[in-house]
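Undergrad: predicted structure and sequence below. I'll ask about it afterward.
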Amino acid sequence: MAKFDFSPLLASDAPAAAGRWAGFPEHNFIGGHVGRETIPVEALVESMTRQLRALGPELATYNLEGGKQGMLSARQVVVDKLARDRGTDCSVDDVLMLSGSLQGFELVNNALLNPGDYVVIEENTYGGILTSVARRGAKIVGAPLDDDGILVDKLAIKLDRLADQGIVPKYIYTIPTIQNPTGSMLPLDRRLALLELARDRGIAIFEDECYADLVWDEDDWPAALRGLDDSGLVIHLGSFSKSLAPAIRLGYLVADWPILSQLMALKTDAGTGALEQMLVADYFGSHFEAHLTAAKPVLKAKLDVMMDAINAQFGTAAEFTEPKGGIFFWMRIPGVDTSKLLPACTAEGLEFTPGAAWSTDDADPSARECLRLCFALPSHQEIRDGVAKLAEICHRETGIPVRSGNVDRT
């Protein structure tokens, strides 16, 4: 029997069909994975066992004891960690649990954006926000960056030009703490200046702190924007994917009730998964700081191996600034369009994310010379081997980096 043909029935704006997953590449530098050795398997087994024995019968209902906002115990973990680590005071009533932080993008954009609206997004940023904004038909203004994050004075000039046209963006999206992909940290003075600018212009701030738990030097750890503002203009987004495990798919939003209630009205998934919330509430309720104390040195050691490998394999052909935390490494190879380099790498089992995918202007020549590598998942030897393979393919395809017979690149 002939197979039914769905193609004539597809919506006019349906995306291109997905391919079947073929497994991870041999040299896997994509995605936001963490290190397998950082997953506290036995402790999670104990936490899940405790929670199922205590609350298992309640799985018969949707939403359990916290209603649509999420389990009270999971929301309390968010409240406690924000107060302890991010200078942010809030209550469980200000927290909405999410089925992964990506759901937060959809809720905020569906609540705030109409086709043709403007938003400000850092000129290099997480690709997920670019996709979400594009789906709403909104227009993006790139916020200029340097090695410390948003250049607030230059952003003010851009906002002045928009104001002259009668345009006020709906929000400024920023990843101020361990920026993705650059790994930068927005200094306190710029945070205060950004908040003042947003208040003066009547623009909300959408703050993404999904990587903020993984700061190497906590002495240089400014409070979250949400904690520095008492006007309620900041919507704060966070996640447990990078601090514990991506597969858990658990995030959260923190906002004042007038906007949080609007976001809740759009959350029509019948509630974020209870098992994930139970696990995080029990384990992180008593092990959060100890877990990060153990995990961060593992990740930092992998970063050090990657930087050593990049220096050994690329030398002066690569430019980078050491990230201040997190799981991503952002580098530039002047003269190389990394989007054109990627197919040759993929064919040989190596994958990275080209810079154009993280840029508000994918035609920007400087962005096209960049790439992002996730260093958290591979072992030290896998990092060395993968970077060596990247340099080999890059040299073969572009002549960069220049190879020297008397240089040991092992």
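TA: Arrived safely.

Undergrad: A strand includes Gly238, no?
TA: Yes - counting by DSSP: H, G, I helix; E, B strand; the rest coil, Gly238 is found in a strand.

Undergrad: wait, it touches Leu98, no?
TA: No - using CB atoms under 8 Å, Gly238 is not in contact with Leu98; the gap is 9.1 Å. Placement of C-beta: from N, CA and C, glycine included.

Undergrad: in stretch 342-358, what counts as buried?
TA: 342, 345, 350-358 (16 or more other CB atoms under 10 Å).

Undergrad: return the residues in contact with the residue nearest to Pro401 when sequence neighbours are not counted.
TA: Nearest residue to Pro401, sequence neighbours excluded (CB to CB, 6 or more residues apart in numbering): Ala317, at 3.7 Å. The contact partners of Ala317, by CB atoms under 8 Å, 6 or more residues apart in numbering, come to 333-334, 400-402.

Undergrad: tell me the secondary structure at Pro323.
TA: Pro323 is classified as coil under three-state DSSP.

Undergrad: that one and Asp200, how far apart?
TA: Noted for Pro323: a distance of 31 Å to Asp200, by CB to CB, to the nearest Å.

Undergrad: who's more crowded, those two?
TA: Pro323 (25 against 10; other CB atoms under 10 Å).

Undergrad: longest helix in the protein, please.
TA: Secondary structure of the chain read by DSSP state H shows that its longest helix is helix 274-314.

Undergrad: that one: what's the following helix or strand?
TA: strand 319-320 (DSSP states H and E).

Undergrad: hang on, the earlier thing: identify the contacts common to Gly238 and Leu98.
TA: 251-253.

Undergrad: would CSV of the buried residues of stretch 342-358 with secondary structure, distance to Asp13 and pLDDT be doable?
TA: Shown next, in CSV, are the buried residues of stretch 342-358 (DSSP: H, G, I helix; E, B strand; the rest coil; distance: CB to CB, whole Å; pLDDT from 0 to 100):
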residue, secondary structure, distance to Asp13, pLDDT
Leu342, helix, 26, 97
Cys345, helix, 31, 98
Leu350, strand, 33, 98
Glu351, strand, 28, 97
Phe352, coil, 29, 97
Thr353, strand, 25, 97
Pro354, strand, 25, 97
Gly355, helix, 27, 95
Ala356, helix, 22, 95
Ala357, helix, 21, 93
Trp358, helix, 24, 94
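
Undergrad: any chance of CSV for those residues, columns distance to Ala18?
TA: Below are the buried residues of stretch 342-358 laid out as CSV (distance: CB to CB, whole Å):
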residue, distance to Ala18
Leu342, 18
Cys345, 21
Leu350, 21
Glu351, 16
Phe352, 20
Thr353, 17
Pro354, 19
Gly355, 23
Ala356, 20
Ala357, 17
Trp358, 21
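
Undergrad: contacts for the helix or strand bottoming out on mean pLDDT in the chain next, please.
TA: Within the chain, no helix or strand scores below helix 365-368, which has a mean of 92 by mean pLDDT, DSSP states H and E. Residues from elsewhere that reach helix 365-368, judged by CB under 8 Å, 6+ apart: 123-124, 332, 337-339, 354-356, 358-359, 361-362.

Undergrad: now do the contacts for Gln69.
TA: 75, 92-93, 95-97, 264.

Undergrad: among those, which ones are buried?
TA: Among the contacts of Gln69, the ones that count as buried by 16+ other CB under 10 Å are 75, 92, 95-97, 264.

Undergrad: quick check: the two most widely separated of these?
TA: Farthest pair in the buried ones among the contacts of Gln69 (CB to CB) is Val92 and Met264. Separation: 13.7 Å.

Undergrad: ok so, going back, now the longest helix of the chain: average pLDDT?
TA: For helix 274-314, mean pLDDT rounds to 96.

Undergrad: returning to that earlier point: now, which of the buried ones among the contacts of Gln69 sits nearest Asp208?
TA: Nearest member of the buried ones among the contacts of Gln69 to Asp208, counting by CB to CB, is Leu96, at 14.9 Å.

Undergrad: is it correct that that closest one falls within a strand?
TA: Yes - looking at Leu96 with three-state DSSP, it is inside a strand.

Undergrad: could you double-check that it sits in contact with Lys267?
TA: Yes - using CB under 8 Å, Leu96 is in contact with Lys267, at 7.2 Å.
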